[in-house]
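Student: Coordinates only, no sequence provided:
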């Protein structure tokens, strides 16, 4: 679940500096924002050109500065498709297999080999394009993107340059409540098909290449620069993960590399129409890294700009260092790369018919956004909606429980409460617990209908989760049916009262708190089956009678 | 439409005529036709509308090393080839819808069914520098 991975920025105040110093610095920094060429006393605390941001600056100062700027963020995402074979040859792909075992002349780029497109790639591309509300190009083509690198066997990557398969879409999402919530809509510029390169591992004086991954199909998704904060960007990435998982086209795993994000960040003073210098950030391996890296980069750029060192911000690629929690220069971009794109002569045009597109549209499952809106319309709170809809498996379980007749709010509470806690403790996913949605519905109905008490319900839940079985079966086996007959409860109460004359005296003498003691004894005697409400009502009557 | 001819222009200027000479400076480039094209009569309109390529940069991007004398020698020849293709500019494309690609057959698709290539040993054997299970390559600093 994406939201549980998020942490707010931890900027540790470096309390070596006494507060008096801080307020002076604060004042000086405020002044420098107005002038452009100021070398003030603050310089000694930062090291130009690499400003070590949050180490020295207290969070307040950084926030104050960044408030004057607007960040423009765009994300390029590569999704590795879960097809059985590669894009242009029939080699299978399995993550983690022995290097250089899934190869053939085509994906090795040997002379004479010709690519043949995997039809599933088109299907997955159309699915994603439709799910992202894009316009599909019924006619598109492949192009060669040419450059030399050891993990690129052919010396070019087969991609789509000027006529991608899908353009002009958007995603709708809801920001997690712990970050302020809110609905967002981010534009998608394009989606196109391409192939992956092999894996390059640096070692000693050279490098090692594994071509198992070369030729694996990818979909590249380019967003509009609509994101403004780290959390928006991270949630965008999380939504893409949800969508590809819901569609079943990729497992969307950032750690495994089946979902890769590169982020572009630039900032400009609020009110300015020209964009600032764009910086690319790579090596982001989780949603929280995306969040933190962007926030760091915004602060870095804002601080430089506020000190008149805007020229220190250059168009470059930076790496996010997870350990140090900062971005560092990878290399400066020397002009734009010349990939000498031209249409791939070995592949025919990609032609989609409207019927084909329509049939795929009909087959799409309910997507995350639709599910969220449906749950919201059913009356669930935003918090419930996000929890239940964000994980495809949880949503499926919830829907199944509802279709077995369970009450909406109760089902939501059980899943989000006791069941989620159990899953967390035992480190299980919802697919691995033994309690079926049908039985959960049965449990809810049994409690609601009064067959068993809520307390007993919670007790057998644990057994149902761990071992499965049916609610009816357990109730019978353990004789758990609630006692709701007032006469029978009365009898038990009478027994308890007669066995505890001393407490009865004390109660009648004024110690009314002892009611709890009696209630406990009755429960014990009834093996927890007495209906609590009735119990207390009748108990009170009997205790207060005969005065 | 002007769009048609400018598309042709784009494709032509992107198209780099590949010489089969790899990196050695002594072998002569292979041209599929006689190089006495200079005697052909090109219209000046064609010659001026197509930009000559920056040959040293092209050679760099193609990882082909050229000595200065070769740059001097090849530049006009490559220019001639481009101008030869430039004759296409004379075609009137005003009423022609631009094509995405120059083929007439439709898609040639494959089912998503795995097939292991049987002779991977031969593939590995042809790799010049191999240390089980990796292909060894020299260190490369910059991704282009």
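Tutor: Received it, and whenever you're ready, just let me know what you need. All values derive from a computational prediction rather than experimental measurement.
Student: For stretch A:221-237, what is the distance to the chain centroid?
Tutor: How far stretch A:221-237 lies from its chain's middle: 13 Å, per CA atoms, centre = their mean, to the nearest Å.
Student: gap between the two ends of that stretch?
Tutor: Counting by CA to CA, to the nearest Å, you get 11 Å between the two ends of stretch A:221-237.
Student: what's the burial count for the residue of the stretch 201-350 of chain A found nearest chain B?
Tutor: Of all residues in the stretch 201-350 of chain A, residue A:208 sits closest to chain B, at 3.6 Å by CB to the nearest CB. Where you see a C-beta, it was placed from the backbone N, CA and C, and this is true even at glycine. The tally of other residues near residue A:208 (other CB atoms under 10 Å in any protein chain shown) stands at 20.
Student: Just say helix, strand or coil for it.
Tutor: Secondary structure of residue A:208, reduced to three states by DSSP: H, G, I helix; E, B strand; the rest coil: strand.
Student: which parts of chain B sit against chain A?
Tutor: Where chain B comes near chain A, counting by CB under 8 Å from any CB of the partner chain, the residues are B:11, B:14-16, B:57, B:61, B:63, B:100-101, B:103, B:105-117, B:120, B:123-124, B:126, B:131, B:133-140, B:142-144.
Student: Buried ones only from those, please, as a ChimeraX command.
Tutor: In ChimeraX, this line selects whichever of those come out buried by 16 or more other CB atoms under 10 Å in any protein chain shown:
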select /B:16,61,100,101,110,112,117,120,123,124,134,135,137
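Student: re earlier: isn't the residue of the stretch 201-350 of chain A closest to chain B right next to residue A:198, touching?
Tutor: No. Using CB atoms under 8 Å as the test, residue A:208 is too far from residue A:198 to be in contact (10.2 Å).
Student: how far away is residue A:380 from residue A:148?
Tutor: 54 Å (CB to CB, to the nearest Å).
Student: Between the two, which is the more surrounded one?
Tutor: Shown here are residue A:380 and residue A:148; by other CB under 10 Å, residue A:380 has more neighbours (20 against 13).
Student: Okay, now the sheet partners of the longest strand along chain B, with direction.
Tutor: Assignment by DSSP state E gives strand B:134-138 as the longest strand of chain B. Strand B:134-138 pairs in its sheet with strand A:206-210 (antiparallel), strand B:130-131 (antiparallel), by DSSP bridges.
Student: So what touches it?
Tutor: Residues from elsewhere that reach strand B:134-138 (CB atoms under 8 Å, 6 or more residues apart in numbering or on different chains): A:99-100, A:150, A:200-201, A:205-211, B:127, B:129-130.
Student: which secondary structure elements does the longest helix seen in chain B contact?
Tutor: Ranked by residue count under DSSP state H, the longest helix found in chain B is helix B:68-85. With contacts taken as 3 or more CB pairs under 8 Å, 6 or more residues apart in numbering or on different chains; DSSP states H and E, helix B:68-85 sits against helix B:2-14, helix B:55-61.
Student: Tell me the first helix or strand C-terminal of that helix.
Tutor: strand B:109-110 (DSSP states H and E).
Student: can you list contacts of that next one?
Tutor: Residues contacting strand B:109-110 (CB under 8 Å, 6+ apart): A:85, A:90, A:116-119, A:122.
Student: Considering only those residues, which also neighbour chain B?
Tutor: Answer for the contacts of strand B:109-110 near chain B (CB under 8 Å from any CB): A:85, A:90, A:116-119, A:122.
Student: So which of those wins on neighbours?
Tutor: Most surrounded of these: other CB under 10 Å gives residue A:118, at 26 neighbours.
Student: hang on, it packs against residue A:215?
Tutor: No. Residue A:118 is not in contact with residue A:215 according to CB under 8 Å; the separation is 9.8 Å.
Student: and for the two, which residues touch both?
Tutor: A:86-88.
Student: Show me which of those residues is closest to chain B.
Tutor: Nearest member of the shared contacts of residue A:118 and residue A:215 to chain B, counting by CB to the nearest CB, is residue A:88, at 8.4 Å.
Student: and that closest one, what does it touch?
Tutor: So residue A:88 contacts A:106-107, A:115-118, A:158, A:195, A:215 (CB under 8 Å, 6+ apart).
Student: Once you drop chain neighbours, what's closest to it?
Tutor: In this structure, residue A:88 finds its nearest non-sequential neighbour in residue A:115, 3.3 Å apart by CB to CB, 6 or more residues apart in numbering or on different chains.
Student: Can you tell me the number of residues neighbouring the one you found?
Tutor: Neighbours around residue A:115, by other CB under 10 Å: 22.
Student: Pretty sure it sits against residue A:109.
Tutor: No. Residue A:115 is beyond contact range of residue A:109, at 9.8 Å (criterion: CB under 8 Å).
Student: buried ones in stretch A:405-423?
Tutor: A:406-407, A:410-412, A:414-416, A:419, A:422-423.
Student: just those residues now: which is nearest chain B?
Tutor: Nearest member of those to chain B, counting by CB to the nearest CB, is residue A:423, at 33.7 Å.
Student: Quick one: classify that closest one as helix, strand or coil.
Tutor: Applying three-state DSSP: residue A:423 is helix.
Student: returning to that earlier point: out of the buried residues of stretch A:405-423, what pair is the most spread apart?
Tutor: A:407 and A:423 (21.4 Å; CB to CB).
Student: For residue A:3, give me the pLDDT.
Tutor: On pLDDT, residue A:3 comes in at 44.
Student: so where's chain B shaky on pLDDT?
Tutor: B:1-49, B:104, B:141-144 (pLDDT under 70).
Student: Repeat the analysis, applying 90 as the threshold.
Tutor: B:1-54, B:57-58, B:60-63, B:86, B:89, B:93-94, B:96-108, B:139-144 (pLDDT under 90).
Student: Quick check: next helix or strand after the helix or strand residue A:231 falls within?
Tutor: In this assignment (DSSP H and E), residue A:231 forms part of helix A:230-247. Sequence-wise, the next helix or strand downstream of helix A:230-247 (DSSP H and E) is strand A:259-269.
Student: Verify the contact between residue A:365 and residue A:244 for me.
Tutor: No. Proximity of residue A:365 to residue A:244 does not meet the contact threshold set by CB under 8 Å, at 12.0 Å.
Student: Which one of the two is surrounded by more residues?
Tutor: Shown here are residue A:365 and residue A:244; by other CB under 10 Å, residue A:244 has more neighbours (26 against 14).
Student: residue contacts, the more buried one?
Tutor: A:79, A:128, A:250, A:252, A:259.
Student: Mind doing that once more with 10 Å?
Tutor: Taking CB atoms under 10 Å, 6 or more residues apart in numbering or on different chains, we find residue A:244 in contact with A:77, A:79-82, A:124, A:127-128, A:131, A:219, A:221, A:250-252, A:258-259.
Student: I'm done for today, thanks for sticking with me.
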